[in-house]
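K.L.:
quick one: sequence and predicted model below, then my questions.
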Amino acid sequence: MKSESALVIGAGIVGLAIARALAVRGHRVTVLERYDRAVGASVRNFGMIWPIGVTNGEAYQRAMRSRAIWQEVIDGAGLWHDPCGSLHMAYAQDEWEVLEQYEAANRSHRPCSLLDRDAALAKSPAMVAEQLRGALFNRDEMIVDPRQALAAIPGYLHERYGVQFHWRTPVTAVETGRAYSGTRRFDADQVFVCSGPEFEQLYPQLYAAAPLTRCKLQMLRLAPQPDGFRLGAALCGGLSLVHYAGFQQAADVAPLRARYQEQFGDLIELGIHVMAAQNGHGEITVGDSHAYAHTHDPFDEHSINAKVLGYLSRFLRLPDPRVIQTWHGIYPKLTDGSSEFVAEPAPGVTIVNAIGGGGLGMTLSFGLAEEIVEGRYGAVRRAA
């Protein structure tokens, strides 16, 4: 990329990743964010850098490149993090068989291993021991606190690379070489639109023609655990085995999915799979559900949170299970199986959206940004 200056619209994780990739290569970067700080999907997630959730090959390489950049940013910005890995637990034989298949398919190129019951319990004191068959442990996964990280990274990018941030600057129009916030005009050689579903306001026809919808997920945060109690890893119940493409690629999950449909049909209908991740304050983030539509009600359903907590209790036992916060997030979701939405609606203008097909921004954004800025990214969608 030969541009000397760039505008990035949006200070969520995608916008910050693009800004960093440009800045480290010497470009003058300005970020325009409509709010005082990032308040969208980037701060409403688990904070998981989650390579185990992606398929082998290009996606995994991108995830691991992202993880390495995350570590660089963590060290530079002084962010809390926990390279704790992940544990997927099996409480039934069909779950254990899926874990065995995954481990057999990946043992040569992923740091995963099967743990028997006693070894799994030694790894995490939070696991429910009754009927536990064992677990799959993978070392790739890392936890950050998304609220802390998204608040701190702009300062790091400004101090380290001179990236300029304009807060409370909603962008109302974009064209080649410039962006407008009302009557204010910002000029640059390149413009990157990284504003999540809000890019619909700038390009309504492009958005309407794209294979995009919106995913709403409900999440909860549990109280800080007493006496330094730690989960030991990010914990995942069996429903996650039929949610993530990485398991579907490596194992035959169809029989397990059929059993879940029979036993947990109400959860499957709500898109629920349940995971838990602990931040540096000892609080535990739990979720989540998935609902797909272009327009979502602004109301959260207590019954959905109750179902999440009910399934959580099948594999997690905590000293203090009190719920202290609930919320929902909304992010763009691709409906055609694509891995991200990257489009060029005008010369010099690039939209970057729906990372990992949607929902994997924390895991993949830094790596994808490198590919785009290096000019190695492939199929950019052109405006009709």
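P.N.:
That came in fine, so what should we check first?
K.L.:
spatially central residue for this structure, please.
P.N.:
Note on the chain: the residue nearest the mean C-alpha position is Leu360, at 3.4 Å, using CA atoms, centre = their mean.
K.L.:
in this structure Ser345 contacts Tyr203, no?
P.N.:
Not Ser; residue 345 is Pro. Yes. Taking contacts as CB atoms under 8 Å, Pro345 lies within contact range of Tyr203: 5.4 Å. Using the backbone N, CA and C atoms, a C-beta is placed for each residue, glycine as well.
K.L.:
identify the contacts common to the two.
P.N.:
Residues touching both Pro345 and Tyr203 comprise Ile351, with contact defined as CB atoms under 8 Å, 6 or more residues apart in numbering.
K.L.:
now the strands for the stretch 201-350 of the chain?
P.N.:
In chain order, the stretch 201-350 of the chain shows strands spanning 212-222, 234-236, 275-278, 284-287, 291-293, 323-334, 341-346, 349-353, with DSSP state E, counting those that start in this stretch as the criterion.
K.L.:
would you confirm that Arg34 contacts His166?
P.N.:
No. With contact defined as CB under 8 Å, Arg34 and His166 do not form a contacting pair (9.9 Å).
K.L.:
who has more neighbours, the two?
P.N.:
For Arg34 versus His166, the count of surrounding residues by other CB atoms under 10 Å is larger for Arg34: 20 against 16.
K.L.:
which of the three states applies to the residue nearest to the more buried one when sequence neighbours are not counted?
P.N.:
By the measure of CB to CB, 6 or more residues apart in numbering, the closest residue to Arg34 outside its immediate chain neighbours is Pro170, 3.7 Å from it. Three-state secondary structure (criterion: DSSP: H, G, I helix; E, B strand; the rest coil) places Pro170 in coil.
K.L.:
tell me the pLDDT at Pro170?
P.N.:
The predicted local distance difference test score for Pro170 is 97.
K.L.:
coming back round to it: next, format the strands of the stretch 201-350 of the chain as a markdown table and append mean pLDDT, mean neighbour count and distance to Gly228.
P.N.:
Putting the strands of the stretch 201-350 of the chain into a markdown table (pLDDT from 0 to 100; neighbours: other CB atoms under 10 Å; distance: least, CB to CB, whole Å) gives the following:
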| stretch | mean pLDDT | mean neighbour count | distance to Gly228 |
| --- | --- | --- | --- |
| strand 212-222 | 96 | 20 | 16 |
| strand 234-236 | 97 | 27 | 17 |
| strand 275-278 | 97 | 26 | 11 |
| strand 284-287 | 96 | 25 | 14 |
| strand 291-293 | 96 | 14 | 36 |
| strand 323-334 | 96 | 18 | 18 |
| strand 341-346 | 94 | 18 | 42 |
| strand 349-353 | 96 | 25 | 40 |
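K.L.:
out of these, which comes closest to Pro83?
P.N.:
For these, distance to Pro83 was read as CB to CB. The smallest value, 10.7 Å, belongs to strand 234-236.
K.L.:
so in that sheet, which strands flank that closest one, and in what orientation?
P.N.:
In the sheet containing strand 234-236, the strands it pairs with under DSSP bridges are strand 86-90 (parallel), strand 275-278 (antiparallel).
K.L.:
backbone dihedrals for the residue nearest to the centre of the chain, please?
P.N.:
Here the main-chain torsion angles of Leu360 (degrees, to the nearest 10) amount to phi -120, psi 30.
K.L.:
residue contacts, it?
P.N.:
For Leu360, the residues meeting the contact criterion (CB under 8 Å, 6+ apart) are 50, 53-54.
K.L.:
out of these, who has the most neighbours?
P.N.:
Among the contacts of Leu360, the one with the most neighbours (other CB under 10 Å) is Trp50, at 30 neighbours.
K.L.:
ok, now how distant is the closest residue in space to that one that isn't next to it in sequence from Ile153?
P.N.:
Ranked by CB to CB, 6+ apart and with sequence neighbours excluded, the top spatial neighbour of Trp50 is Thr363, at 4.6 Å. For Thr363, the distance to Ile153 equals 16 Å [CB to CB, to the nearest Å].
K.L.:
pLDDT score for the residue of the chain most remote from its centre?
P.N.:
The outermost residue of the chain, judged by C-alpha distance from the chain's mean C-alpha position using CA atoms, centre = their mean, is Thr183 at 34.5 Å. For Thr183, the model assigns a pLDDT of 97.
K.L.:
which ones are touching the nearest residue to Gly287 once chain neighbours are set aside?
P.N.:
What sits nearest to Gly287 in space, not counting adjacent residues and going by CB to CB, 6+ apart, is Met219, at 3.7 Å. The neighbours of Met219, taking CB under 8 Å, 6+ apart as the test, are 44-46, 285-288, 326-329.
K.L.:
and what of Leu114?
P.N.:
Residues in contact with Leu114 (CB under 8 Å, 6+ apart) are 99-100, 103, 134-137.
K.L.:
give me the buried entries from those residues.
P.N.:
Among the contacts of Leu114, those that count as buried by neighbour count (16 or more other CB atoms under 10 Å) are 99, 103, 134-137.
K.L.:
need the residues you listed in CSV with distance to Gln261, can you?
P.N.:
Formatted as CSV, these follow (distance: CB to CB, whole Å):
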residue, distance to Gln261
Leu99, 20
Glu103, 25
Gly134, 24
Ala135, 23
Leu136, 22
Phe137, 28
